[in-house]
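1. what would the 3D arrangement of this be:
(chains A and B)
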Amino acid sequence: MTSQLNVDTIKGNETAGSITIQGEGSKTTNLQQGLVKAWIQHNAGTSITDSLNIGSLVDVGTANYKPTFSNNMANDDYAAAGMVGNADGRYCAATEMTTALVDTHYKRGSDGNASDISESLLLVVGDLA
Amino acid sequence: MASQLKVDTITGVTTAGSIVVTGEGGSTTTNLQQGLCKQWIHFNGSGTIAIVDSFNTTTIVDNGSGDYQVTIANDMSNDDYSVSGTMCHPTTGNSSAARQGPAVNEHAVGSYQVYTGSNTTTLDDVAVINLQTMGDLA
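-> Residues are numbered from 1 along each chain as shown, chains lettered A, B, ... in the order given. Now for the predicted structure:
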């Protein structure tokens, strides 16, 4: 019979921020380490389409944005992945990663010049504060 | 009243590696295991390469300019997984350096290759590379 757990909050018992979870096969993984801690989709400018754990989006200059976290990361060692909605060879460079924000620059691969984007996606994994 | 579950390990009952979670809208569901990032890494890619922080990662290998191998600690179940990422060169500031990548290829259950380059077809090191892996654990 299928079981169902109704719960609002999940916390580790021995270590509050660490829960082991069975993977798809025989190996286990860590629930907290696997969760995306922040994500944002935005257009050129400061209009946020949708997001998780993003407090604000600062338009620093041409193709330069600083999404700030609502709940900060524990350190600046996390991994951010950026994707660009344009179809003409842009890339996302994260030139500064702090506990509170990711400084993202969008550039043309052909010449490295800043070039605004029609749509940007940014994902952050790592340790929450 | 809000409920709180304290637990150290979670395993599916019907299928150990598959737990259904109700989505934000309340009408559709998603899969907990499939939604988890299975490996991530933040590493320095120029000079003597070094892992800054990571999860489920054993080593990184410098195969040459703009050519790296990331070794996964607990293997993936197949080579069909997805890796996304971003990079920065140099480490700070609004660099005007034209860069390509990171590109990921040669997926294997225990490793994958990462390539970064200049604005030509030449491989070239970059200062910082971030990567995230989604897919099925072994």
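2. which residue, other than its chain neighbours, is closest to residue B:101?
-> Setting aside the residues directly before and after it, residue B:101 is nearest to residue B:116 in space (C-beta to C-beta, 6 or more residues apart in numbering or on different chains), at 4.0 Å. C-beta coordinates here come from the backbone N, C-alpha and C atoms, glycine included.
3. same check on residue B:51?
-> residue B:43 (4.9 Å).
4. may I ask which helix or strand encompasses the residue nearest to residue B:101?
-> Under the criterion of DSSP states H and E, residue B:116 resides in strand B:111-117.
5. check residue A:75 too.
-> Under DSSP H and E, no helix or strand contains residue A:75.
6. can you check the pLDDT for the residue nearest to residue B:51?
-> The model reports residue B:43 with a pLDDT of 97.
7. just checking, next helix/strand downstream of the helix or strand containing it?
-> Secondary structure from DSSP H and E places residue B:43 in strand B:37-44. Counting by DSSP H and E, the next helix or strand C-terminal to strand B:37-44 is strand B:50-55.
8. could you check the angle strand B:37-44 makes with that following strand?
-> 160 degrees (axes from the mean of the first three to the mean of the last three C-alpha atoms, to 10 degrees).
9. how distant is strand B:50-55 from the center of its chain?
-> How far strand B:50-55 lies from its chain's middle: 11 Å, per C-alpha atoms, centre = their mean, to the nearest Å.
10. please enumerate the strands of chain B.
-> Here chain B has its strands, by DSSP state E, at B:4-6, B:9-10, B:20-22, B:29-31, B:37-44, B:50-55, B:57-64, B:67-72, B:82-88, B:100-108, B:111-117, B:128-134.
11. quick one: strands adjacent to the third one?
-> Based on DSSP bridges, the strands next to strand B:20-22 in the sheet, each with its direction, are strand B:29-31 (antiparallel).
12. ok, residues contacting the strand it pairs with?
-> B:18-23 (C-beta atoms under 8 Å, 6 or more residues apart in numbering or on different chains).
13. which one of those has the most neighbours?
-> For these, counting by other C-beta atoms under 10 Å in any protein chain shown, the largest number of neighbours falls to residue B:19: 22 neighbours.
14. for it, give its distance to chain A.
-> 8 Å (C-beta to the nearest C-beta, to the nearest Å).
15. quick one on the thing from earlier: helices or strands up against the strand holding residue B:43?
-> Counting by 3 or more C-beta pairs under 8 Å, 6 or more residues apart in numbering or on different chains; DSSP states H and E, the packing neighbours recorded for strand B:37-44 are helix A:31-34, strand A:79-84, strand B:50-55, strand B:57-64, strand B:67-72, strand B:128-134.
16. nearest to residue B:13, of these?
-> Among these, the nearest to residue B:13 by C-beta to C-beta is helix A:31-34 (16.8 Å).
17. so which helix or strand of chain A has the lowest pLDDT on average?
-> strand A:90-97 (a mean of 84; mean pLDDT, DSSP states H and E).
18. that strand near chain B anywhere?
-> Yes - using C-beta under 8 Å from any C-beta of the partner chain, we find that strand A:90-97 touches chain B at A:91-96.
19. report the angle between that strand and strand A:79-84.
-> Using the same axes, to 10 degrees: strand A:90-97 against strand A:79-84 is 150 degrees.
20. next SSE downstream of strand A:90-97?
-> Remark: after strand A:90-97, the chain's next helix or strand is strand A:102-108, criterion DSSP H and E.
21. report all helices and strands that the helix or strand following that next one contacts.
-> Next helix or strand after strand A:102-108 toward the C-terminus (DSSP H and E): strand A:120-125. Counting contacts by 3+ C-beta pairs under 8 Å, 6+ apart, strand A:120-125 is packed against strand A:38-42, strand A:64-69, strand A:79-84, strand A:102-108.
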